[in-house]
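J.: after the sequence you'll find the predicted model.
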Amino acid sequence: MKIKEVRIPGEKKARARALLLLSGGLDSVLAGKVLEEQGVEVVAVTFRSLFFGPREAIRAAEEQGWPLVVVDITEEEIQIVEKPKYGYGKNMNPCIDCHGQMVRIAGQLLERYRADFVATGEVLGERPKSQNRQALGIVEKLSGLKGLVLRPLSAKLLSPTKPEEQGLVDRERLLDICGRSRKKQMEMAAKYGIKEYPTPAGGCLLTDPGFSQRLKKLLEWRGRLLAEDIQLIKNGRVFFEDDGIIAVGRDERDNEKVRKSALDSDIIITTAEVKGPLTVVRLKGEMESGKLLEDRGKVNKGGDGSGQGNLNGKSSWPSQRSQAFNLPVVRKAALLTIRYSKAKMAEEAAVIISWKEMKELRKFRKEEWEQYL
């Protein structure tokens, strides 16, 4: 967990201060406005990981003039996505566990920022799985903040919290919104002059069906999730092979993203004679001290690009160019690189295969890549 204060919270001036979980969406902004009307100071807390970012929260905090703290929870989020206690939503989104973790982390910051409680924009019944009455109770239980989690938009429908009982917040001025209708929120947005806000449930890659499918395959492929692998599969066309992952850029902008996700130990493939995709090949292995090591077992040793022959033994990365460049996954990646370029129209095409400081030009015939058309 790493903390960055984008807008630094000052000294506490009001009688009550809340740490507001701010996504940048309408509900969380409205929750903050309801508290502000009662004289409660709002310090916004938002989160960053490989699956979501703080952009909308930064925008919303700027518009509302709220101090903002950004917490990077990449590692914590990966652990939850691997094994969520309360399961996934429609895709690979462990929303209940995720919300519980966010509230728990915010609770750890209460003393640091002289805050009295944690507030969220959750609305009872708005999301069937993660915002029903039972799920809201689970989130509070996971957080360890019994009685200190206030949901201003639905508070009247829930049990009184400690800040209400202590008189820090007037329960009668809180709301009783319930269900999936956004009518009440839209009316409140007009009242507060809030004109721009993202659509509900947007911004988290874990809710995206396509990315979730990739992530599930990645978990099955390696048996665990590594940040470097997740970054690689976020862009390009992704193929999972027994001995490696192939990521093929879709266009120039995508090529740059795929390139940035490559490790020093990855193999890079580009077309030699025409403009085309950039492809990254990552061999299957274990991550140790941030570096990818080759799986123990068979390593192909063909010298003509045909994938014939192999080398048995326990080694680290292939020590010779021919060993690395003739692996079956590398050959397939080369053919896919041609397949997704204009070079596929020719009878013969060449690619440049790069690994560390070594480069090699390889030529292939049309019948070799036609199987991928």
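T.: Good, I have the coordinates.

J.: how about stretch 146-153: buried residues?
T.: By neighbour count with 16 or more other C-beta atoms under 10 Å, stretch 146-153 contains the buried residues 148-153. Yep, even glycine has a C-beta here, placed from its N, CA and C like the rest.

J.: as JSON lines, those residues with distance to Pro160 would be great.
T.: Converted to JSON lines, the buried residues of stretch 146-153 look like this (distance: C-beta to C-beta, whole Å):
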{"residue": "Leu148", "distance to Pro160": "12"}
{"residue": "Val149", "distance to Pro160": "12"}
{"residue": "Leu150", "distance to Pro160": "10"}
{"residue": "Arg151", "distance to Pro160": "12"}
{"residue": "Pro152", "distance to Pro160": "13"}
{"residue": "Leu153", "distance to Pro160": "15"}
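
J.: can you list the low-confidence ranges for the chain?
T.: Residues of the chain meeting the criterion pLDDT under 70: 201-202, 285-322.

J.: would you confirm that Glu140 contacts Val103?
T.: Yes: with contact defined as C-beta atoms under 8 Å, Glu140 counts as touching Val103 (7.2 Å).

J.: among the buried residues of stretch 146-153, which are in strands?
T.: Counting by DSSP state E, the part of these found in strands is 149-150.

J.: from the buried residues of stretch 146-153, which is closest to Lys260?
T.: Comparing these against Lys260 with C-beta to C-beta picks out Val149 as the nearest, at 38.2 Å.

J.: quick check: beta-bridge partners of the closest one?
T.: Val118 (DSSP bridges).

J.: for it, give its distance to Pro209.
T.: 31 Å (C-beta to C-beta, to the nearest Å).

J.: next: Ala57.
T.: With C-beta to C-beta as the criterion, Ala57 and Pro209 are 24 Å apart.

J.: who has more neighbours, those two?
T.: Legend: neighbour count by other C-beta atoms under 10 Å for Ala57 and Pro209, higher for Ala57 (29 against 10).

J.: would you check how far apart the more buried one and Leu158 are?
T.: From Ala57 across to Leu158, the span is 24 Å (C-beta to C-beta).

J.: next: Gly65.
T.: Where Leu158 is concerned, Gly65 sits at a distance of 28 Å (C-beta to C-beta).

J.: looking at those two, which one has more neighbours?
T.: Higher neighbour count among Gly65 and Leu158: Leu158, with 19 against 9, using other C-beta under 10 Å.

J.: what's near enough to touch that one?
T.: Neighbouring residues of Leu158 by C-beta atoms under 8 Å, 6 or more residues apart in numbering: 124, 133, 136, 151.

J.: tabulate those (CSV), appending secondary structure and distance to Ala14.
T.: As requested, these are exported to CSV (DSSP: H, G, I helix; E, B strand; the rest coil; distance: C-beta to C-beta, whole Å):
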residue, secondary structure, distance to Ala14
Leu124, strand, 27
Arg133, helix, 31
Leu136, helix, 26
Arg151, coil, 20
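
J.: from those residues, pick the one nearest Leu20.
T.: For the contacts of Leu158, the nearest to Leu20 is Arg151 (11.1 Å; C-beta to C-beta).

J.: phi and psi next, for Glu348.
T.: phi -140, psi 140 (degrees, to the nearest 10).

J.: quick one, helices of the stretch 151-300 of the chain?
T.: Taking DSSP state H, counting those that start in this stretch as the test, the helices found in the stretch 151-300 of the chain are 162-165, 183-192, 209-222, 227-233, 252-260.

J.: closest to Pro277 out of these?
T.: Per C-beta to C-beta, nearest to Pro277 of those: helix 252-260, 6.3 Å.

J.: hmm, back to that, what's the overlap in contacts for Glu140 and Val103?
T.: Common neighbours of Glu140 and Val103 (C-beta under 8 Å, 6+ apart) are Val149.

J.: what's the separation between the residue nearest to Lys217 when sequence neighbours are not counted and Arg173?
T.: Closest residue to Lys217 apart from its sequence neighbours, by C-beta to C-beta, 6 or more residues apart in numbering: Phe240 at 5.2 Å. Separation of Phe240 from Arg173 (C-beta to C-beta) stands at 54 Å.

J.: with neighbour numbers in mind, choose between these two.
T.: Of the pair Phe240 and Arg173, Phe240 is the one with more neighbours under other C-beta under 10 Å, namely 16 against 13.

J.: so the more buried one makes contact with Lys216?
T.: No: Phe240 lies out of contact with Lys216 (C-beta under 8 Å); the separation is 10.5 Å.
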